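Visitor: sequence first, then the predicted structure:
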Amino acid sequence: MRYIILALLLTCTACAGPTRWPAVESQVTLAVAHFVHPQHDWELMAGVLPEEASVVTQESLDALDGQLAALLEKSDLRTVLHAASVQGCEEIVQAEKERPRFETLEYWKSVGTCIKADYLLVPYVSQWQEREGGEWGVTRPAGVTLDLYLIKTATGEVRRYHFEEEQQGLAENLLKGGRFFKRKGRWITPLEIAAEALEEGTRVLGL
């Protein structure tokens, strides 16, 4: 019995989701940047670039932007400024100083101030692996690494959500069996993995 209880405790610890931040007040103005696929270290908010660079097509980046925008439209936030609006302020800020000369947080904080947002959400996708095969069998599974950074423009306070997954079968990862069954045993695409991550990430960040 002692060993069964220990096993259950270990399983519950491993399955615990990320800690949630307090909810953002509904009356604030949130701006959302385009998804960033970093190519240089100076673009990063945290961490390092992966050793093997992955290709993310513009079509995939646009689809990610659309997924995130659709999620935030369902939130309780009254004012959400989408990526097209943020792009204009990025150009204004870059006109004042070359992008590589900015400390990354300083740059995005300046963009948030320019657009007069209380918070700026900056999404990153650093790794992207397309599924090779079909729903019921693959030679290579889909994989995604993404980060969401929620910056409070007045103070520079940052909330971060990190997600990283290369899909595995049930036998390879029993601790994520719930995710496997939710997907109905299918091998899904990176966009589908990203959709799950964005849903969890916005919830974790208090959005």
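Guide: Nice, thanks for sending it over.

Visitor: every contact and neighbour count from this point should use C-alpha atoms.
Guide: Fine.

Visitor: show me where the protein has helices.
Guide: Along the chain, the stretches classed as helices by DSSP state H are 2-15, 58-73, 83-96, 104-114, 177-182, 190-204.

Visitor: run through who's touching the second one.
Guide: Contact with helix 58-73 is made by 34-35, 80, 82-83, 191, 194-195, 198-199, 207, as judged by C-alpha atoms under 8 Å, 6 or more residues apart in numbering.

Visitor: among these, name the buried ones.
Guide: 34-35, 80, 82-83, 191, 194-195, 198, 207 (16 or more other C-alpha atoms under 10 Å).

Visitor: and residue 107, how far is that from residue 93?
Guide: Residue 107 sits 8 Å away from residue 93, going by C-alpha to C-alpha, to the nearest Å.

Visitor: so where's the chain uncertain?
Guide: 1-17, 134-135, 137-138, 169-181, 184 (pLDDT under 70).

Visitor: about what we covered before: can you pick out the most distant pair from the contacts of helix 58-73?
Guide: 80 and 191 (22.8 Å; C-alpha to C-alpha).

Visitor: hmm, residue 148 is touching residue 160, no?
Guide: Yes - using C-alpha atoms under 8 Å, residue 148 is in contact with residue 160, at 5.7 Å.

Visitor: these two - which one has more neighbours?
Guide: The neighbour count for residue 148 versus residue 160, taken as other C-alpha atoms under 10 Å, is higher for residue 148 (22 against 18).

Visitor: excluding chain neighbours, give the residue nearest to that one in space.
Guide: Distance criterion C-alpha to C-alpha, 6 or more residues apart in numbering; nearest residue to residue 148, sequence neighbours excluded, is residue 123 at 4.5 Å.

Visitor: and of the helices of the chain, who's closest to residue 129?
Guide: Nearest of the helices of the chain (C-alpha to C-alpha): helix 190-204, 6.7 Å.

Visitor: now do the closest one: which elements does it pack against?
Guide: For helix 190-204, the elements it packs on are helix 58-73, strand 143-152, strand 158-166, judged by 3 or more C-alpha pairs under 8 Å, 6 or more residues apart in numbering; DSSP states H and E.
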